[in-house]
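Q: can you look at this prediction? I've put the sequence above it.
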Amino acid sequence: MTLPVRTFDAIVVGAGGSGLRAALELSRAGLRVAVLTKVFPTRSHTVAAQGGVAAPLANSGEDNWHWHMYDTVKGSDYLGDQDAIEYMCRRAVEVVVELEHMGMPFDRLENGKIYQRPFGGHTQDYGSAKMAMRACAAADRTGHAMLHTLYQQNVHANTQFFVEWMALDLIRDADGDVLGVTALEMETGEAVVFHAKATLLATGGAGRIFAASTNAFINTGDGLGMAARAGIPLQDMEFWQFHPTGVHGAGVLITEGVRGEGGYLLNKNGERFMERYAPNAKDLASRDVVSRAMTTEIKEGRGCGPDADHVMLKLDHLGAEVINQRLPGIREIAIKFANADPIRESIPVVPTVHYQMGGVPANYLGEVVAPAQGDPEAVVRGLYAAGECSCVSVHGANRLGTNSLLDLLVFGKSSGEQMVKAIRESPVAHKPLPKDAADRSQARLARLDAARSGERVAELSSDLRRTMQAHCGVFRFPELLSEGVEKMKALAARAERSFIDDKSKVFNTARIEALELDNLVETAMSTAVSAEARKESRGAQSRSDFAERDDANWLKHSLWYKAGNRLDYKPVHLKPLSVDSFEPKVRTY
Amino acid sequence: MDRLRHDRLKWKCRRGLLELDLVLERFVQREGKTLSEGDVAMLGELLDQPDNDLWDLVIGRSDRVDARLRGILARLRAC
Ligand SMILES: Cc1cc2nc3c(=O)[nH]c(=O)nc-3n(C[C@H](O)[C@H](O)[C@H](O)COP(=O)(O)OP(=O)(O)OC[C@H]3O[C@@H](n4cnc5c(N)ncnc54)[C@H](O)[C@@H]3O)c2cc1C
């Protein structure tokens, strides 16, 4: 059966910060753009970002892009590509000021300039003890304000939105060029081909592959699955940032601000254990240090609760006034999700997966790159990636807070610019669609429709999350890692027999969830395999058997391929665009 | 509630904020089967709010909502 075809100049899959920023560039250039999104644009996960967006505006103290660049390279544990990092830091001021001019309601100083505050890992003067004031925020709703601002601009620019459409697969022709996507309209349940000269993946993170996650349910890694199934490798998937304080059992994030105000962590003996692990910074040590300390306490039997599986965050000593005034929202979250009123009792917390550093490999122009004919970074024509689903790689092995929203703006814009350029240089006519354009998607749908029995989707996803949590968590142990890979292989085989009772077409969420599961499987598999293979500790990957960073053998990016479930590697770009390299040093704070 | 209305509602409950995902999931699990057509319509109106505004309503930081929707909001707050 042939599917209906819709033709555009460009397709953007995803309407979070990165997708909207790119779409704006394309629409403003007068091109015909379709933005596909599973949920209404302003309901994208970007709405959850509170802390702010980094830019060295120097409004509240000295700052410049060189310092920002240094912090980002060091934060990445030297796995970040230094050309891309320079590019991002140099364009930061431009994209943030631009957003201000679009109407973003940033907090302001008395002189009218954007107010800036400090944030972990951002320093002055190449890592000195003085913090840089680099985070721009709109109260505690920065992501919300950003999404709404960008969405309004897109409406003005006549971007065409396809809301409640789920992209299924990439379309590649015999030359390997990407010519668009297949997508499912949820309302009708029908699949459609979107034919375009340029396609951007901006589908966000995949934090839902872990049982304990700060990510919303929608973050199922669809762009990663689409790329992997189309033969494109996934880069650095072993690197996931854990936030130390997610509410136990729920995942909801308790901001670092709580510990900034004087809250601290306790084990089951009531001991303030961070004093042992980080005598100076204590509970305010960096995210990975605190997460590892908590995991060690739990692993050594000093966890709290009947299952000894969490620790407690104490803040009742701060008093009702401080809690109510300076930590708005925390009390409600604790009451709602932990059944604990922090004015009187401690909050049960666990390290919780928060951010995916890896993703679809792209250069700083947003072009997707993959090894071909001896070139480790040959451009995949027609395909672009931006935002959390991409790996540019500016965050390397560990992301600094507030650098992600910046990444959305900079690489959303640069990919949009590059797409405009490529479309303008391309022939007037679209490259013809291959005959098998929709075969993969149709086969996936047909299998689900035909299956009379098999494995339940909900059970499979819950098994997947538990496997990843147990085998690829904060601390990684060799036996657990190899077992994790085997379990994931078994799970992937089971997922091929996924089954839904209700075969209805019209708005069938069971069908959507079954299709999402395929993407969770690719993401989880790439994570397990890449983590098992990397025999070192770097940034967010922390192994018991290889406790140190090993630059001689492992200063390289992982590339995982679905075909053959195999790995390849490529060099890190140590050479920036215009300045000298930052040579790898031991990372201490 | 029939399958179609249930699914449409379920998808409207997919949010950008995990907090809302969790509360709404509980709500649909507990009350989904017994919601009247009127309830579903009113819940739909609440769900049209931006995530942060809806969250403010759910945790009681804001009461800015049409009087008609107070009943359904109270049930949501209880979840
Ligand atoms: C609680 C929390 C707080 C955070 N705070 C900060 C912060 O203060 N500062 C900071 O810099 N970073 C922060 N981050 C990280 C940052 O918010 C995210 O990395 C970023 O918002 C991701 O944006 P995105 O554009 O890549 O994707 P998202 O905003 O996640 O958007 C993804 C889009 O893709 C669409 N989509 C997905 N799959 C499909 C499909 N198959 N078909 C069609 N559409 C699809 C979705 O509908 C959505 O529109 C935070 C993260 C969390 C979880």
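A: That came through, no problem. Residues are numbered from 1 along each chain as shown, chains lettered A, B, ... in the order given.
Q: so residue A:34 sits in a strand?
A: Yes - using DSSP: H, G, I helix; E, B strand; the rest coil, the assignment for residue A:34 is a strand.
Q: surely it and residue A:160 touch.
A: Yes - between residue A:34 and residue A:160 a contact is recorded at 5.3 Å, counting by CB atoms under 8 Å. C-beta: built from backbone N, CA, C; applies to glycine.
Q: which other helices and strands contact the longest helix along chain B?
A: For chain B, the longest helix by residue count, based on DSSP state H, is helix B:18-31. Packing partners of helix B:18-31 (3 or more CB pairs under 8 Å, 6 or more residues apart in numbering or on different chains; DSSP states H and E): helix A:330-338, helix B:3-12, helix B:51-58, helix B:70-77.
Q: distance to the ligand added to those, as a markdown table?
A: Putting these into a markdown table (distance: least, CB to the nearest ligand atom, whole Å) gives the following:
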| stretch | distance to the ligand |
| --- | --- |
| helix A:330-338 | 11 |
| helix B:3-12 | 11 |
| helix B:51-58 | 11 |
| helix B:70-77 | 21 |
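Q: reformat these as TSV; add mean neighbour count and mean pLDDT.
A: What follows is the helices and strands packed on helix B:18-31, written out as TSV (neighbours: other CB atoms under 10 Å in any protein chain shown; pLDDT from 0 to 100):
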stretch	mean neighbour count	mean pLDDT
helix A:330-338	21	93
helix B:3-12	17	91
helix B:51-58	21	95
helix B:70-77	16	94
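Q: the next helix or strand after the longest helix of chain B near chain A at all?
A: Next helix or strand after helix B:18-31 toward the C-terminus (DSSP states H and E): helix B:37-47. No - shown here: helix B:37-47 not in contact with chain A (CB under 8 Å from any CB of the partner chain), separated by at least 9.6 Å.
Q: buried residues, helix B:37-47. List them.
A: B:39-40, B:42-43, B:46-47 (16 or more other CB atoms under 10 Å in any protein chain shown).
Q: point me to the residue of chain B nearest chain A.
A: residue B:16 (3.5 Å; CB to the nearest CB).
Q: residues contacting that residue?
A: A:39, A:42-48, A:143, A:147, A:216, A:218, B:51 (CB atoms under 8 Å, 6 or more residues apart in numbering or on different chains).
Q: what about 10 Å?
A: A:16, A:39-49, A:143-144, A:147, A:204, A:216, A:218-219, B:50-52 (CB atoms under 10 Å, 6 or more residues apart in numbering or on different chains).
Q: then residue A:422?
A: Contact analysis of residue A:422 by CB under 10 Å, 6+ apart lists A:10, A:197-198, A:365, A:367, A:379, A:381-382, A:384.
Q: in CSV, list the residues you listed along with pLDDT and neighbour count.
A: What follows is the contacts of residue A:422, written out as CSV (pLDDT from 0 to 100; neighbours: other CB atoms under 10 Å in any protein chain shown):
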residue, pLDDT, neighbour count
A:10, 98, 29
A:197, 98, 27
A:198, 98, 31
A:365, 98, 19
A:367, 98, 23
A:379, 98, 18
A:381, 98, 19
A:382, 98, 28
A:384, 98, 31
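Q: nearest to chain B, of these?
A: residue A:384 (23.1 Å).
Q: touching, the closest one and residue A:392? I think so.
A: No - here residue A:384 lies out of contact with residue A:392, judged by CB atoms under 10 Å, at a distance of 11.2 Å.
Q: residues bridging contact with these two, i.e. touching both?
A: Contacts common to residue A:384 and residue A:392, judged by CB under 10 Å, 6+ apart, are A:360, A:362-363, A:365-366, A:411, A:414-415.
Q: in helices, which of these fall?
A: Checking the shared contacts of residue A:384 and residue A:392 against DSSP H, those in helices are A:411, A:414-415.
Q: and the nearest residue to residue A:558 once chain neighbours are set aside, what does it touch?
A: Spatial nearest neighbour of residue A:558, chain neighbours left out: residue A:530 (4.5 Å); criterion: CB to CB, 6 or more residues apart in numbering or on different chains. By CB under 10 Å, 6+ apart, the contact set of residue A:530 is A:234-239, A:358, A:472, A:485, A:541, A:557-560, A:567.
Q: again with residue B:50
A: Applying CB under 10 Å, 6+ apart, the residues contacting residue B:50 are A:40, A:42-43, A:47, A:141, A:144, A:147-148, B:15-17, B:56.
Q: residue A:27 in helix, strand or coil?
A: Going by three-state DSSP: residue A:27 is helix.
Q: just give the closest residue to it, not the sequence neighbours.
A: residue A:157 (3.8 Å).
Q: roughly how far does that neighbour sit from residue A:149?
A: Computed as CB to CB, to the nearest Å, the residue A:157 to residue A:149 distance reads 13 Å.
Q: neighbour count winner among the two?
A: Neighbour totals were compared for residue A:157 and residue A:149, and residue A:149 leads with 19 against 16 (other CB atoms under 10 Å in any protein chain shown).
Q: part of a helix, is the more buried one?
A: Yes - residue state for residue A:149 (three-state DSSP) corresponds to a helix.
Q: surely it and residue A:100 touch.
A: Yes - shown here, residue A:149 and residue A:100 form a contact pair, counting by CB under 10 Å, at 9.3 Å.
Q: give me the buried entries from the contacts of residue A:530.
A: A:234-239, A:358, A:472, A:485, A:541, A:557-560, A:567.
Q: mind listing which of those are in strands?
A: Among those, the residues falling in strands (DSSP state E) are A:234-235, A:557-560, A:567.
Q: can I get the residues you listed in JSON lines including distance to residue A:404 and pLDDT?
A: Below are those laid out as JSON lines (distance: CB to CB, whole Å; pLDDT from 0 to 100):
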{"residue": "A:234", "distance to residue A:404": "18", "pLDDT": "98"}
{"residue": "A:235", "distance to residue A:404": "16", "pLDDT": "98"}
{"residue": "A:557", "distance to residue A:404": "19", "pLDDT": "98"}
{"residue": "A:558", "distance to residue A:404": "20", "pLDDT": "98"}
{"residue": "A:559", "distance to residue A:404": "22", "pLDDT": "98"}
{"residue": "A:560", "distance to residue A:404": "22", "pLDDT": "98"}
{"residue": "A:567", "distance to residue A:404": "26", "pLDDT": "98"}
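Q: just the closest of those to residue A:299, please.
A: Residue A:299 lies nearest to residue A:558 out of those, by CB to CB, at 26.1 Å.
Q: could you check the angle strand A:556-561 makes with the longest helix along chain A?
A: Longest helix of chain A, by residue count under DSSP H: helix A:509-533. Here helix A:509-533 points in a direction 140 degrees away from that of strand A:556-561 (axes from the mean of the first three to the mean of the last three CA atoms, to 10 degrees).
Q: tell me if helix A:509-533 is near the ligand.
A: No - legend: contact between helix A:509-533 and the ligand by CB under 6 Å from any ligand atom is lacking; minimum distance shown is 7.4 Å.
Q: any idea which helix or strand comes after the helix or strand bottoming out on mean pLDDT in chain A?
A: Using mean pLDDT, DSSP states H and E, the weakest-scoring helix or strand in chain A turns out to be helix A:257-260, at a mean of 84. Counting by DSSP H and E, the element after helix A:257-260 in chain order, helix or strand, is strand A:264-266.
Q: hmm, who's touching that next one?
A: Against strand A:264-266 from outside (CB under 10 Å, 6+ apart): A:244-245, A:258-259, A:271-275, A:282-284, A:290, A:293-294, A:297, A:302, A:304, A:311-315, A:317, A:346, A:349.
Q: need the buried ones from these selected in ChimeraX.
A: Selection of buried members from these for ChimeraX, criterion 16+ other CB under 10 Å:
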select /A:244,245,258,259,273,274,282,283,284,290,293,294,297,302,304,311,312,313,314,315,346,349
